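Chemist: Need the 3D shape of this:
(chains A and B, ligands or ions: 4)
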Amino acid sequence: MLKVVIVGNGMVGHHYVEQLVASPVEAEITVIGGETRPAYDRVHLSEFFAGRSPEDLALTTREHYIEIGVEAHFGDPVVSIDRDNKTVITETGRSFGYDKLVLATGSYPFVPPVPGNDQDPCVVYRTIDDLGAIKAQANEARVGVVVGGGLLGLEAANAVQNLGLETHVVEFAPGLMGVQLDAGGSAMLRRKIEALGVTVHTSKATEVIESNTAGDTRLLMKFADGGSLATDMIVFSAGIRPYDQLARDCGLTVGERGGIEVDYHCKTSDSDIFAIGECALFGGRIFGLVAPGYRMAEAAVSQLGSDKQSFQGADMSTKLKLLGVDVGSIGDAHGRDEGAIAYTFSDERIEVYKRLIVSKDGKSLLGAVLVGDCSDYDTLLQYYLNGIELPADPETLILPYNAGEAPTLGAAALPVTAIICSCHNVSKGDIVDSMDAGFYSLGEIKTETKASTGCGGCAALLKNIVDEEMASRGLEVDTSICEHFAYTRQELFHLIKVDSIKTFDELLEKYGKGRGCDVCKPAVGSILASLWNDYVLEEKHVGLQDTNDTFLANMQKNGTYSVVPRIAGGEITPDKLIVLGEVAKKYNLYTKITGGQRIDLFGARVQHLPSIWKELVEAGFETGHAYGKALRTVKSCVGSTWCRYGVQDSVAMALYIENRYKGLRSPHKLKSAVSGCTRECAEAQSKDFGVIATENGWNLFVCGNGGMKPRHADLFATDLDDETLIKTIDRFLMFYVRTADRLQRTSVWMENLEGGLDYLKQVIIEDSLGIAAELEQQMNNIVGTYQCEWKTTIEDPERMKRFVQFVNTDAEDEHIVFVQERGQPRPATEQERLQLLDKSA
Amino acid sequence: MSQATTICEQQDLIINSGICANVEGQQIALFYLPKETPQLYAIGNWDPIGKANVLSRGIVGDINQRLVVASPLYKQHFDLVTGECLEDSACTVPVYAVELVDNKVILSL
Ligand code: SRM
Ligand SMILES: Cc1cc2nc3c(=O)[nH]c(=O)nc-3n(C[C@H](O)[C@H](O)[C@H](O)COP(=O)(O)OP(=O)(O)OC[C@H]3O[C@@H](n4cnc5c(N)ncnc54)[C@H](O)[C@@H]3O)c2cc1C
Ligand code: SF4
Ligand code: FES
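Modeler: Ligands and ions are numbered 1, 2, ... in the order given. Modelled structure (predicted):
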């Protein structure tokens, strides 16, 4: 069988292995990785500092390689290639013969040759091992400097800032991200990240790094211009250099400035040796992004079979979030083409910069720069990649929307060659083909084409294309909730109500098929609760609930739960605070003040939930429904009782509202807030329904939210008295509960209502449908039948039988291990857990 | 070698839902679906994708006629009969033989 040896198990090397295994080529595959661990997601390395563990970043495991029949060795780099005998030799002296050799050795960070760069607090940022070194240095540091203001440098700055250090970026060039951005974009980016507390130093050449004997920091950087900067650690991120020494040593052709030269087939100057990814030089370029590397891997694999593909170079357009700032760069950002016309839009107030580079004839897009707002990126990229003719006034593509509707590009305008999903290289044509083959649901199309199964960034575009194709084929867009019910949530709600259906089984028998699933069961459970308000853990409803609803607590990543008692309006007595502290101590729980003005206790084992709640209920607490699609919190500001500006008692109103609607089951979670005056300290305008005090009563705002796509609430009614306010909210909430789709927040629901806000006002305020009394009545029923689910649960021994780890023993789940951090427990990472196990063994 | 153990009684089971048992250190998720034949299903409790012992706490149902449990963490579906993950066929959880004899739940490792 063909012996294929792959040197380097980074992102691209691993992709090659996956592609080769999936191809029809029969091969004996050997992987030799220089790092001690199998391939991981380098692109998301910085998420490590936001809490992702090395296991979360892993792209594969040793076991998986064994399963798919790949021989893999890690932590033993290849040190030489013997081309005559077709073998490679590793550091520990092992040798492996090959028929085809693939070099996927990637690159390493370039450290400028500055005297003093070899001290301990000088680190680089490329591997998981580097992360450990950075963390260790940061523990003893107050100030951190990143050398390099390019894409990777700013990623590193993000990491340094996440570690809580005063952060500086030192760049040799006059601007940040000089490769991707023009001067204007670069200046706006600088302004934005300086506002985030990162100090930027440009046009600075470091001459020497001294240990700082005088000051209170560890190092002192001295610059060519005479200036200096004191710091505790330095992360070098000043570019990458390909790992090409192996290739040089065995006489393969390498580029003048490094990189193993390859042709369209990713072959090196030896036709049995391929090079792919960041070590390969194609057309005089190294592609420092992962997608081109994947395309190289695919091209290289295809050379071993009959259907040979070639690598044609790659588009380097990028869209990123750097330190929370949206940055996009398409094509030629610098307008190098002769006669190119540039359009620039810059707004320093909202800190947005956009630039278009257009061909001389104004017909095609050559490049674009976006800083602060990337919402136009997808559309612009399609214009660029597919050579779509620009509208007569190209500037409308980047002007703010209120200056006239921007002509967004409909899915129908895209040519079949347009790449929709760049992670998996899926074109519009591929999607249409899979529909031709009879796959019509989004789920099927995703599985068939792999579109939208990577970063997920193309999901909206994919759905547009599928919807539009369906429409053009005269097919109806399927709005069924799942394979078991050919109805929307709204339709199910009506069926259940009209037929007075009380259980899932009844509904399934009458209107569904099969047995149900994790989509329809909780949705129906929620409708049943909204309508009849039974105790959710009654036997007939038990199987419908998500684990969070079953155990009346939120499951955390390690299988433990969080406990969130209701603290209405954020008001709590000292005695109750003490009880929370005592319970947390007793059960070793992590405590945190949430963003919703209450206290979350994390890390409870399932078997401890009942006794924890028993103590809480005895102290007068109720469940906070943090687990349910239900009312969450009603935040309050301190209001007229204490605040010198307050005009109404906002705390009392918040308490009243929270207690009225607690327990209400809804299509998605509901949040509210009450502010005591227009200064709006409770942020009521970011809530599903928010109340703001006026001299004469209350203003009601609706359909706002924070979260993934924040939306300001709309003013709905003004100067309401207490009674009218509550009536209006009753109607509004009940109408939402009745008519919204599953997992649709109020904002999206309202935007999808034909007639929008005006229609909603007609129904709720003017009672245009004549259902207001019924809505109020229904709400009164719910309010009247409220029960604290935790109280009911702990009083009923039959219900308690679920709250055990094991049915047959009192043992604990030994996979749940905690370590102490900042005086509290947190889940151990996999690595820590194994270390603890080792120690105790 | 398969060895049969009595884990619990029928009344300890929860209708249309799961519980977890510990047999010789292995965590096993047991599902009781009275309307199906057979009525009992046993798979590993470890969710290889969410990386925690949680499968017994998922929602059961069917997808394309296959009986499945949805992981409560990230909602991938595992086939109760074969242990296969529907979203990622490379991921499979162990399945165990289990039966109800005289009100007793008997499992073979
Ligand atoms: C604990 C908390 C974070 C904190 O430490 O402060 C939190 C934690 C979670 N949030 Fe949140 N959110 C928390 C306040 C918020 C806020 C701020 C607020 O409420 O004022 C927001 C933005 C406001 C909003 O929702 O409009 C928020 C927007 C989200 C979203 C995005 C919702 C959206 O419509 O885009 C999700 C995801 C979802 O619900 O689908 C989410 C989901 C979650 C989940 C349930 C994720 C999960 O499934 O595990 C987290 C579990 C909580 C737990 O285990 O107890 N959380 N989350 C906050 C609990 C507040 C509370 O007392 O109940
Ligand atoms: C912090 C950071 C953020 C990034 N963000 C993005 C992004 O947002 N988007 C994007 O597209 N790209 C991004 N990148 C770049 C992306 O990670 C790389 O393009 C990609 O990892 C290249 O894959 P590769 O397999 O060619 O090289 P690598 O992933 O570097 O893998 C090469 C492997 O080969 C090993 N090796 C080297 N020599 C030998 C030897 N002699 N024997 C055995 N093994 C050897 C190395 O140790 C390494 O494990 C980022 C990179 C970093 C560091
Ligand atoms: S909104 Fe602000 S100013 Fe007004 S009452 Fe509340 S705390 Fe006072
Ligand atoms: S572009 Fe990333 S999943 Fe499609």
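Chemist: For the residue lying closest to residue A:485 once chain neighbours are set aside, what are phi and psi?
Modeler: Leaving aside its chain neighbours, residue A:485 sits nearest to residue A:512 (4.7 Å; criterion: Cβ to Cβ, 6 or more residues apart in numbering or on different chains). Bear in mind the C-beta positions are built from the backbone N, C-alpha and C, glycine included. Dihedral angles of residue A:512 (phi, psi; degrees, to the nearest 10) stand at phi -120, psi -170.
Chemist: Run a quick neighbour tally on residue A:512.
Modeler: Residue A:512: 21 surrounding residues under other Cβ atoms under 10 Å in any protein chain shown.
Chemist: closest point of chain B to ligand 1, which residue?
Modeler: Relative to ligand 1, the nearest point of chain B is residue B:73 (9.0 Å; Cβ to the nearest ligand atom).
Chemist: wait, is that residue part of a helix?
Modeler: No: Residue B:73 is assigned coil when assessed by DSSP: H, G, I helix; E, B strand; the rest coil, not a helix.
Chemist: roughly how far apart are it and residue A:113?
Modeler: For residue B:73, the distance to residue A:113 (Cβ to Cβ, to the nearest Å) stands at 48 Å.
Chemist: Neighbour count for these two, which is higher?
Modeler: Each of residue B:73 and residue A:113 has its neighbours counted (other Cβ under 10 Å); residue B:73 has more, 21 against 6.
Chemist: Correct me if wrong: the more buried one contacts residue A:555.
Modeler: Yes: using Cβ atoms under 8 Å, residue B:73 makes contact with residue A:555 at a distance of 6.7 Å.
Chemist: Need the residues touching each of these two.
Modeler: Here residue B:73 and residue A:555 share the contacting residues residue B:54, scored by Cβ atoms under 8 Å, 6 or more residues apart in numbering or on different chains.
Chemist: how about the residues of chain A that lie near ligand 3?
Modeler: Chain A has residues A:637-639, A:643, A:645-646, A:650, A:675-677, A:679-681 near ligand 3, with proximity defined as Cβ under 6 Å from any ligand atom.
Chemist: May I ask you to confirm that residue B:105 belongs to a strand?
Modeler: Yes: counting by three-state DSSP, residue B:105 is located in a strand.
Chemist: can you list the weak-confidence ranges in chain A?
Modeler: Along chain A, the parts satisfying pLDDT under 70 run over A:401-410, A:454-457, A:476-478, A:536-537, A:841.
Chemist: which residues touch residue A:832?
Modeler: Counting by Cβ under 8 Å, 6+ apart, residue A:832 touches A:817, A:819.
Chemist: Assign it to helix, strand or coil.
Modeler: helix.
Chemist: Relative to residue A:62, how far out is it?
Modeler: Residue A:832 is 20 Å from residue A:62, by Cβ to Cβ.
Chemist: Not counting sequence-adjacent ones, nearest residue to the closest residue to ligand 1 within the stretch 251-400 of chain A?
Modeler: Residue of the stretch 251-400 of chain A nearest ligand 1, by Cβ to the nearest ligand atom: residue A:324 (16.0 Å). Nearest non-adjacent residue to residue A:324, counting by Cβ to Cβ, 6+ apart: residue A:196, 6.7 Å away.
Chemist: Would you mind stating the distance between that neighbour and residue A:138?
Modeler: Per Cβ to Cβ, residue A:196 is found 18 Å from residue A:138.
Chemist: who has more neighbours, those two?
Modeler: Between residue A:196 and residue A:138, residue A:138 has the larger neighbour count (other Cβ under 10 Å), namely 22 against 13.
Chemist: Could you name the helices and strands sitting against the helix or strand harbouring the more buried one?
Modeler: Counting by DSSP states H and E, the element that carries residue A:138 is helix A:128-139. Helix A:128-139 sits against strand A:122-124, helix A:151-162, strand A:233-236, with contacts defined as 3 or more Cβ pairs under 8 Å, 6 or more residues apart in numbering or on different chains; DSSP states H and E.
Chemist: Quick check: chain neighbours aside, which residue is closest to residue A:475?
Modeler: residue A:440 (6.9 Å).
Chemist: Could I get the phi/psi values of the one you found?
Modeler: Backbone geometry at residue A:440, expressed as degrees, to the nearest 10, gives phi -110, psi -20.
Chemist: number of nearby residues for it?
Modeler: By the criterion of other Cβ under 10 Å, residue A:440 has 18 neighbours.
Chemist: cool, the one 5 residues further on as well?
Modeler: Residue A:445 has 25 neighbouring residues, counting by other Cβ under 10 Å.
Chemist: near chain B, which residues of the stretch 351-500 of chain A show up?
Modeler: Proximity of the stretch 351-500 of chain A to chain B, by Cβ under 8 Å from any Cβ of the partner chain, involves residues A:483-484.
Chemist: Mind doing that once more with 7 Å?
Modeler: Nowhere does the stretch 351-500 of chain A come near chain B, counting by Cβ under 7 Å from any Cβ of the partner chain.
Chemist: show me where pLDDT drops low in chain B?
Modeler: B:1-2.
Chemist: Could I get the full set of strands for it?
Modeler: Using DSSP state E, the strands of chain B run over B:4-9, B:17-23, B:26-32, B:40-44, B:46-47, B:52-53, B:59-63, B:66-70, B:77-79, B:95-101, B:104-108.
Chemist: need the ones you listed in a markdown table with distance to residue A:118, can you?
Modeler: Below are the strands of chain B laid out as a markdown table (distance: least, Cβ to Cβ, whole Å):
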| stretch | distance to residue A:118 |
| --- | --- |
| strand B:4-9 | 61 |
| strand B:17-23 | 53 |
| strand B:26-32 | 49 |
| strand B:40-44 | 49 |
| strand B:46-47 | 45 |
| strand B:52-53 | 43 |
| strand B:59-63 | 56 |
| strand B:66-70 | 53 |
| strand B:77-79 | 51 |
| strand B:95-101 | 56 |
| strand B:104-108 | 60 |
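Chemist: looking at those strands, which is closest to ligand 4?
Modeler: Nearest to ligand 4, of all those, is strand B:77-79, at 20.6 Å by Cβ to the nearest ligand atom.
Chemist: Which residues does that closest one contact?
Modeler: With Cβ atoms under 7 Å, 6 or more residues apart in numbering or on different chains as the test, strand B:77-79 has contacts from B:43, B:55, B:63, B:66, B:68-71, B:85-87, B:93.
Chemist: which of those count as buried?
Modeler: Buried by 16 or more other Cβ atoms under 10 Å in any protein chain shown: B:43, B:55, B:63, B:68-71, B:85-87, B:93, out of the contacts of strand B:77-79.
Chemist: export stretch A:300-308 as PDB, just CAs?
Modeler: Listed next in PDB are the C-alpha coordinates belonging to stretch A:300-308 (Å, rounded to 0.1, in the frame of the first residue of the first chain):
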ATOM      1  CA  ALA A 300      -2.400  17.800  -2.400                       C
ATOM      2  CA  VAL A 301      -4.600  14.800  -1.400                       C
ATOM      3  CA  SER A 302      -6.200  14.900  -4.800                       C
ATOM      4  CA  GLN A 303      -2.800  14.300  -6.500                       C
ATOM      5  CA  LEU A 304      -2.800  10.800  -5.000                       C
ATOM      6  CA  GLY A 305      -6.000   9.900  -6.800                       C
ATOM      7  CA  SER A 306      -7.500  10.200 -10.200                       C
ATOM      8  CA  ASP A 307      -9.500  13.400  -9.800                       C
ATOM      9  CA  LYS A 308      -6.600  15.900  -9.600                       C
END
